[in-house]
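S.K.: Give me a 3D structure for the following:
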Amino acid sequence: MNKIRLGTRGSPLALWQANHVAERLRPVLQPMELELVIIETHGDQIQDQALASMGGFGVFTKALQQALLRNEIDLAVHSLKDLPTIEIPDLRLAAVPTRGSISDCFLSKKYARLDDVPANGVVGTSSLRRRAQLLYHRPDLQLVNLRGNLHTRIRKIESENLDGIILAQAGLERLSLSEEITEILPQSWMLPAVGQGAIGIECRSSDELTIHYVTALIDYKDYRTVLGERALLSALGGGCLVPIGVSSEVRVDTLKMRAAVLSPDGKRRIVHTREGPIANSIQLGFELAAELINDGANEILTLSHPSS
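M.R.: Below you'll find the predicted structure:
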């Protein structure tokens with residue numbers, strides 16, 4: 001092997017993440033070369049439909065995973081919040097580098113804060129999780145679906161005369177768009193997505209050489225944290241089609257996770273917190289999910305996604 005092929009989506013944010021990983025990998029790989037391979041996903045091909053109507057989870061990752069399985073690429077770089085928790089036996093989440101910001105942000109050309117938007121104000125979002133939490137906090141708002149890359153969505157604030165939109169802080173920071181942020185929303189009520197702000201590097205389980213190289217990029221605390229969050233999501237059976245949020249904090253070697261399950265209309269909300277050793281993050285995620293289920297989360301999840 002004289003070359004490692006890195007698969008990525010072609011959006012500006014995906015390319016930033018791929019190049020970020022590539023810059024860190026190249027010194028480890030020398031004298032081997034690293035080649036970026038751009039792969040178009042189902043989510044990239046269809047821009048005029050809500051993610052939920054397209055099947056939700058996996059629309060931005062499945063094509064990359066299939067390319068891995070066909071040996072067309074050696075590793076795939078994902079926005080980890082887009083990667084389904086359902087394990088594919090021949091693939092492995094081999095590394096998570098240092099995580100970026102996990103919060104969501106309000107962007108507006110009219111108002112300094114989300115709470116300044118008047119009743120019946122129009123706010124755009126592409127996420128059912130954000131939609132449910134917005135309706136929980138501001139049931140008087142009108143919410144519209146928002147698709148496209150970050151630059152496209154930001155332009156829609158003015159082109160569609162929106163009172164504001166909600167985007168992830170990490171993506172804005174990575175594309176040097178922090179000046180567009182009007183307000184960082186409190187995690188007290190706007191809990192981030194599982195894996196938000198994290199980059200996931202996926203490899204074939206049998207490709208021990210590539211796995212050996214990419215493990216040099218692991219941030220232990222962030223890796224353990226997202227494994228815990230993904231265990232929570234897996235135990236709840238959720239994804240993009242069910243509003244689930246989680247806020248994680250690490251202090252020394254202790255992980256504190258606070259998670260919420262909401263009905264799509266935001267009228268029902270169950271929240272629980274759990275903390276323990278970060279080394280036991282997966283078990284912690286399962287235990288937190290059990291607490292939510294014991295408090296009635298299953299009823300919300302079943303009503304939200306009756307086919308499951």
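
S.K.: okay, now the domains of this structure?
M.R.: Under the assignment automatic domain parsing, the domains of the chain span 1-99+197-218, 104-184, 219-308.

S.K.: could you dump the ones you listed to CSV with mean pLDDT, mean neighbour count and distance to Leu191?
M.R.: All C-beta atoms are positioned from the backbone trio N, CA, C, and that covers glycine. Output for the domains of the chain, formatted as CSV (pLDDT from 0 to 100; neighbours: other CB atoms under 10 Å; distance: least, CB to CB, whole Å):
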stretch, mean pLDDT, mean neighbour count, distance to Leu191
domain 1-99+197-218, 88, 18, 12
domain 104-184, 96, 18, 7
domain 219-308, 90, 19, 3
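
S.K.: any idea how far Tyr223 is from the nearest residue to Glu33 once chain neighbours are set aside?
M.R.: Excluding the flanking residues, the one nearest Glu33 by CB to CB, 6 or more residues apart in numbering is Lys3, at 4.6 Å. Remark: distance between Lys3 and Tyr223 (CB to CB, to the nearest Å) = 26 Å.

S.K.: hey, where'd the helices end up in this protein?
M.R.: 12-29, 42-45, 62-69, 128-137, 150-159, 169-174, 208-214, 220-236, 281-294, 297-304 (DSSP state H).

S.K.: just so I know, which of the ones you listed lies nearest Glu87?
M.R.: Glu87 lies closest to helix 220-236 among the helices of the chain, at 8.5 Å (CB to CB).

S.K.: For the closest one, name the packing helices and strands.
M.R.: On a contact count with 3 or more CB pairs under 8 Å, 6 or more residues apart in numbering; DSSP states H and E, helix 220-236 meets strand 244-251, strand 254-262, helix 281-294.

S.K.: if we compare the ones you listed, which one ends up closest to Gln142?
M.R.: strand 254-262 (18.3 Å).

S.K.: how far off helix 297-304 does that closest one point, in degrees?
M.R.: Interaxial angle, strand 254-262 versus helix 297-304 (axes from the mean of the first three to the mean of the last three CA atoms, to 10 degrees): 40 degrees.

S.K.: Provide the strand pairings for strand 254-262, with the direction of each partner.
M.R.: strand 244-251 (antiparallel), strand 269-277 (antiparallel) (DSSP bridges).

S.K.: re the thing from before, adding distance to Met190, write the domains of the chain out as JSON lines.
M.R.: Shown next, in JSON lines, are the domains of the chain (distance: least, CB to CB, whole Å):
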{"stretch": "domain 1-99+197-218", "distance to Met190": "14"}
{"stretch": "domain 104-184", "distance to Met190": "5"}
{"stretch": "domain 219-308", "distance to Met190": "7"}
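
S.K.: residue contacts, Lys81?
M.R.: With contact set as CB atoms under 8 Å, 6 or more residues apart in numbering, Lys81 has these partners: 193-196, 198.

S.K.: mind checking how far it is from Gly171?
M.R.: According to CB to CB, Lys81 stands 10 Å off from Gly171.

S.K.: repeat for Glu40
M.R.: Counting by CB to CB, the gap from Glu40 to Gly171 is 19 Å.

S.K.: swap in His20?
M.R.: Where Gly171 is concerned, His20 sits at a distance of 12 Å (CB to CB).

S.K.: All set, thanks.
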